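Engineer: after the sequence you'll find the predicted model.
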Amino acid sequence: PEEVHGVLIPIRLMLERFAFSKALEVMTPADLEPIAEQLDVMAAAAAAGDVDAVVDADIAFHEAVLQVVPQFHTVQIWHGIAPRIRVYFRRESLARDLDSVVDEHRALLEALRGGDRKTVLETLGQHIKRVQTEGEPRP
């Protein structure tokens with residue numbers, strides 16, 4: 001948890017703030033389809049109580065946004081941290097309300113659809129920081 005909260009989540013926040021901002025510059029309605037598909041997968045998995053599938057769809061949702069950005073290194077860095085984040089999410093998601101995970105991603109998708117950079121970055125920051133503060137190591 002210390003490495004996740006001290007290193008990986010801050011890297012993730014910086015990386016995704018960059019990528020979501022860049023995605024807004026080039027994103028088309030067709031680019032939103034794979035992101036929305038992952039939200040549908042996540043919602044079905046949450047309804048079934050399938051933590052592993054929710055986590056996989058969560059990671060795929062964020063990666064789908066990164067794939068919109070024509071930046072090789074952004075995706076490369078994501079691929080370096082995503083497996084560690086996935087393992088951490090699986091463990092932490094056992095104690096979370098899976099519907100709230102879906103709701104947060106629904107808000108992210110709606111912010112992306114709205115196209116307002118400030119709203120997208122605020123929604124993304126709240127989402128990632130919530131993950132960070134919920135699972136911080138306890139003293």
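Structural biologist: Nice, I can see it.
Engineer: and Gln120, how many neighbours?
Structural biologist: To be clear, residue 120 is Val; Gln isn't right here. Per other C-beta atoms under 10 Å, the neighbour tally for Val120 reads 22. Just so you know, the C-beta spots here come from the backbone N, C-alpha and C atoms, and that holds for glycine as well.
Engineer: in which helix or strand does it reside?
Structural biologist: helix 117-134 (DSSP states H and E).
Engineer: packing partners of that helix?
Structural biologist: helix 9-26, helix 72-93, helix 98-114 (3 or more C-beta pairs under 8 Å, 6 or more residues apart in numbering; DSSP states H and E).
Engineer: how about TSV for the ones you listed, with mean neighbour count, distance to Val41 and mean pLDDT added?
Structural biologist: Below are the helices and strands packed on helix 117-134 laid out as TSV (neighbours: other C-beta atoms under 10 Å; distance: least, C-beta to C-beta, whole Å; pLDDT from 0 to 100):
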stretch	mean neighbour count	distance to Val41	mean pLDDT
helix 9-26	17	20	94
helix 72-93	15	15	87
helix 98-114	17	10	95
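Engineer: what's the closest of those to Ile35?
Structural biologist: With C-beta to C-beta as the measure, helix 98-114 is the member of the helices and strands packed on helix 117-134 nearest Ile35 (6.0 Å).
Engineer: okay, angle between that closest one and helix 72-93 too, please.
Structural biologist: 150 degrees (axes from the mean of the first three to the mean of the last three C-alpha atoms, to 10 degrees).
Engineer: that older thread, any chance of JSON lines for the helices and strands packed on helix 117-134, columns distance to Ala60?
Structural biologist: Below are the helices and strands packed on helix 117-134 laid out as JSON lines (distance: least, C-beta to C-beta, whole Å):
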{"stretch": "helix 9-26", "distance to Ala60": "14"}
{"stretch": "helix 72-93", "distance to Ala60": "10"}
{"stretch": "helix 98-114", "distance to Ala60": "11"}
